[in-house]
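**Student:** Sequence first, then the predicted structure, then my questions.
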Number of protein chains: 2
Amino acid sequence: MKNSIYVLLMVLCMLSCKPSNQKDNGLTSKNETTIDTTTISIKDYNVKPDGTPYSNSELNHMSHNELMMMVYEPPRDTIQTIGILLYDGYFTLDAMGPLSVLNHMSPTKKIMIGRKKGIITSSSKVKTQVDYSINDIEQLDILVIPGGFIETYQATKDEELLNWIRKIDKNSKYTVSVCTGAWILGAAGLLKGKEATTHWYKAEEKLTQYGAEYVNKRYTNDGKYWTSAGVSAGIDMSLGLIDHILGRNYASFTALNLEYNPKPPFEGGHPDNTDRVVTYMMEKMYDIGLEPLLKEDKNK
Amino acid sequence: MKNSIYVLLMVLCMLSCKPSNQKDNGLTSKNETTIDTTTISIKDYNVKPDGTPYSNSELNHMSHNELMMMVYEPPRDTIQTIGILLYDGYFTLDAMGPLSVLNHMSPTKKIMIGRKKGIITSSSKVKTQVDYSINDIEQLDILVIPGGFIETYQATKDEELLNWIRKIDKNSKYTVSVCTGAWILGAAGLLKGKEATTHWYKAEEKLTQYGAEYVNKRYTNDGKYWTSAGVSAGIDMSLGLIDHILGRNYASFTALNLEYNPKPPFEGGHPDNTDRVVTYMMEKMYDIGLEPLLKEDKNK
């Protein structure tokens, strides 16, 4: 469902890159720094002057330009480049979720940037060929840092990587983390004094360690720093970013193309709504993975 | 968040592969062929004999074996191999979503199978190195077929691919599609007389064409044939599959690791809850992509 949507999205974005006096439709809270993630019902908000929805027959009689102008919203920012960092051991969905959403932004160059060039292997053994390493990239409008587990912890000690992130952040419009990617942003010193979130495991402890203020939200932003909760939350955040930058119509096209209308088969996915025994065991298992590394670092 | 969870999941699965007399906890409807996707609240269902939840202190005093036996549920099936088909132009999240979920099944070999060996490029230009092509694989317990758009339509005419799918399906325990991957399953003749779903665009028309009965659900199954709605619905379906095969505790560990507690920034993702103008324009754009191919086929 890609080629044709790009025709649409490219035209939409070309329109949206022109200055315009058209009014915001009032659904995106464009003057707020921190975005409210409350679900809002938006069915049929592009309506006729009398407030009633268009019929298909009425829409069929409108020109392409008339339709385009109806869904046009002035963008908040012009985004020319989005880079997603990949390092061995990153969690697949942490990167591929946001990529699948942000890929709808157009005309925008989207690239994957490896810690090294060549093949990067995710935690679930997906081998991705990357054409750029961090040594090749000097500037990005949006930088996305996915999480993982052991390798993400190790990345928080990787000074060459952290220096690159600090450099990109200096001129980025948005610096973004998914899941434990916030540990890396924190280690780079970019979350000091900022509200942030991360994967639920040791969330408050880890963010406090980096001088950030943990907020228990699916995703949050503090100025240009956007952070999401664990793994799948990167999808919600990325859709939120499109909504923020390009407006509700553009975000709705994206959600519709991805059929992003999630209905998990059961309630869960966070300690707040998961059986206590399951959560307890999960935490113990994470501890078994992380504690040897923490001890090793203490003994250094 | 991977290495340590695998310690847990491997032990859980080793336990779960032994025959057991332990009772089903009643939360998974193991005798039903069609699974109800209604959300059920499951907070604290692993409880003490008196029905109250365990405190952390009580859990701390239990042995690893006691904890393991508490969360153990007899599996419905033993799954040794899962294969995800990749072809040029597949939609990234259609494959990477289910992979990220199903990767929690253990001990199970998970592989990506290319239409050809080498690099397969997704619709969002992710270049994945695959070690197996369809010519290398003779048997899979679970086959997952992701969707896409133009290239997926083309795959419905690819007799070599369809023959391979029919061969694998003969001995599979589950044959599964995500999004327009159902068009491919349909073209292989595997959905005749079966309930199925697919991406919302032309959903009923496409499935009827292949003799299937379209159901407007996030995901559905008819016996071993599981199909999901568009793109992101593959995540819900895959979690449903784990719930079905390995039980609610195992599925809850998976959801917790993925923090799969989705909270989209706005309502949308399906024509039923999206502005009519947005949906209308999206459909027109899909039509622009697909109609030349349909015409070409008619003229053949």
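**Tutor:** Structure received. Predicted, not measured: the structure shown is a model, and the values here were computed from it.

**Student:** contacts, neighbours, all on C-alpha from now
**Tutor:** Noted.

**Student:** Could I get the average pLDDT for the helix or strand that contains residue A:250?
**Tutor:** If you go by DSSP states H and E, residue A:250 is part of helix A:248-257. Mean pLDDT, helix A:248-257: 95.

**Student:** now the next helix or strand after it and helix B:248-257, what's the angle there?
**Tutor:** Per DSSP H and E, the first helix or strand lying C-terminal to helix A:248-257 is helix A:276-298. Relative orientation of helix A:276-298 versus helix B:248-257 (axes from the mean of the first three to the mean of the last three CA atoms, to 10 degrees): 40 degrees.

**Student:** Helix A:276-298 and chain B, any residue contact?
**Tutor:** Yes. Judged by CA under 8 Å from any CA of the partner chain, helix A:276-298 comes into contact with chain B through A:276-282, A:285-289.

**Student:** I'd like these laid out as JSON lines, including neighbour count.
**Tutor:** Output for the residues of helix A:276-298 next to chain B, formatted as JSON lines (neighbours: other CA atoms under 10 Å in any protein chain shown):
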{"residue": "A:276", "neighbour count": "21"}
{"residue": "A:277", "neighbour count": "23"}
{"residue": "A:278", "neighbour count": "22"}
{"residue": "A:279", "neighbour count": "22"}
{"residue": "A:280", "neighbour count": "17"}
{"residue": "A:281", "neighbour count": "19"}
{"residue": "A:282", "neighbour count": "23"}
{"residue": "A:285", "neighbour count": "19"}
{"residue": "A:286", "neighbour count": "23"}
{"residue": "A:287", "neighbour count": "15"}
{"residue": "A:288", "neighbour count": "15"}
{"residue": "A:289", "neighbour count": "19"}
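
**Student:** Redo those as CSV? Include distance to residue A:196 and pLDDT.
**Tutor:** Formatted as CSV, the residues of helix A:276-298 next to chain B follow (distance: CA to CA, whole Å; pLDDT from 0 to 100):
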residue, distance to residue A:196, pLDDT
A:276, 25, 92
A:277, 27, 91
A:278, 26, 93
A:279, 22, 94
A:280, 24, 93
A:281, 26, 92
A:282, 23, 93
A:285, 25, 91
A:286, 21, 94
A:287, 22, 93
A:288, 26, 91
A:289, 24, 92
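
**Student:** For the residues you listed, which two are the farthest from each other?
**Tutor:** Greatest spacing in the residues of helix A:276-298 next to chain B, by CA to CA: A:276 and A:289 (20.2 Å).

**Student:** and of the residues of helix A:276-298 next to chain B, the nearest to residue A:119?
**Tutor:** residue A:289 (25.1 Å).

**Student:** okay but the closest one is in contact with residue A:153, surely?
**Tutor:** No. With contact defined as CA atoms under 8 Å, residue A:289 does not reach residue A:153; the gap is 10.7 Å.

**Student:** need the residues of the stretch 51-200 of chain A near chain B, please.
**Tutor:** A:53-54, A:56, A:59, A:67, A:71, A:91-93, A:96-97, A:99-100, A:103, A:123-124, A:126-130, A:148-150, A:199-200.

**Student:** Could you rerun that using 6 Å?
**Tutor:** A:127-129, A:148-149 (CA under 6 Å from any CA of the partner chain).

**Student:** Top of those by number of neighbours, please.
**Tutor:** residue A:148 (30 neighbours; other CA atoms under 10 Å in any protein chain shown).

**Student:** helix/strand/coil for that one?
**Tutor:** With DSSP: H, G, I helix; E, B strand; the rest coil as the basis, residue A:148 sits in coil.

**Student:** Look at residue A:109 and say how many residues are nearby.
**Tutor:** For residue A:109, the count of nearby residues is 14 (other CA under 10 Å).

**Student:** ok, it - contacts?
**Tutor:** Shown in contact with residue A:109 (CA atoms under 6 Å, 6 or more residues apart in numbering or on different chains): A:80-81.

**Student:** repeat that with 8 Å
**Tutor:** A:80-82 (CA atoms under 8 Å, 6 or more residues apart in numbering or on different chains).

**Student:** With pLDDT added, can I get the residues of the stretch 51-200 of chain A next to chain B in JSON lines?
**Tutor:** Putting those into JSON lines (pLDDT from 0 to 100) gives the following:
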{"residue": "A:127", "pLDDT": "97"}
{"residue": "A:128", "pLDDT": "97"}
{"residue": "A:129", "pLDDT": "97"}
{"residue": "A:148", "pLDDT": "96"}
{"residue": "A:149", "pLDDT": "96"}
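
**Student:** follow-up on the earlier one: remind me what the helix holding residue A:250 packs against, helices and strands.
**Tutor:** Here helix A:248-257 touches helix A:3-16, helix A:233-246, helix B:276-298, going by 3 or more CA pairs under 8 Å, 6 or more residues apart in numbering or on different chains; DSSP states H and E.

**Student:** Kindly format the C-alpha coordinates of the longest one as CSV.
**Tutor:** Once non-C-alpha atoms are left out, helix B:276-298 reads as follows in CSV (Å, rounded to 0.1, in the frame of the first residue of the first chain):
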residue,chain,number,x,y,z
ARG,B,276,-14.7,10.5,5.2
VAL,B,277,-12.7,12.9,3.1
VAL,B,278,-9.4,11.4,4.2
THR,B,279,-10.7,7.9,3.5
TYR,B,280,-12.2,8.9,0.1
MET,B,281,-8.8,10.4,-1.0
MET,B,282,-6.9,7.4,0.3
GLU,B,283,-9.1,5.1,-1.7
LYS,B,284,-8.7,7.2,-4.9
MET,B,285,-4.9,7.1,-4.5
TYR,B,286,-4.9,3.3,-4.1
ASP,B,287,-7.1,3.1,-7.2
ILE,B,288,-4.6,5.1,-9.2
GLY,B,289,-1.9,2.6,-8.2
LEU,B,290,-3.9,-0.6,-8.8
GLU,B,291,-6.1,0.2,-11.8
PRO,B,292,-3.4,0.1,-14.5
LEU,B,293,-2.5,-3.4,-13.3
LEU,B,294,-6.1,-4.6,-13.3
LYS,B,295,-6.6,-3.2,-16.8
GLU,B,296,-3.4,-4.8,-18.0
ASP,B,297,-4.5,-8.2,-16.7
LYS,B,298,-8.0,-7.8,-18.4
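
**Student:** In terms of secondary structure, what does it contact?
**Tutor:** helix A:3-16, helix A:56-60, helix A:64-71, helix A:248-257.

**Student:** Find the helix or strand that the closest residue in space to residue A:138 that isn't next to it in sequence is a member of.
**Tutor:** Leaving aside its chain neighbours, residue A:138 sits nearest to residue A:168 (6.4 Å; criterion: CA to CA, 6 or more residues apart in numbering or on different chains). For residue A:168, the enclosing helix or strand under DSSP H and E is helix A:159-171.

**Student:** got it, and residue A:144?
**Tutor:** According to DSSP H and E, residue A:144 maps onto strand A:142-145.

**Student:** What are the contacting residues of that strand?
**Tutor:** A:79, A:81-86, A:95, A:168-169, A:172-178, A:181-182, A:184-185.

**Student:** need the contact list for residue A:196.
**Tutor:** Residues counted as contacts of residue A:196 (CA under 8 Å, 6+ apart) are A:182, A:207, A:212-215, A:219-222, A:226-228.

**Student:** who's it bridged to?
**Tutor:** Counting by DSSP bridges, residue A:196 is bridged to residue A:214.

**Student:** if I look at it, how far off is chain B?
**Tutor:** According to CA to the nearest CA, to the nearest Å, residue A:196 and chain B sit 16 Å apart.
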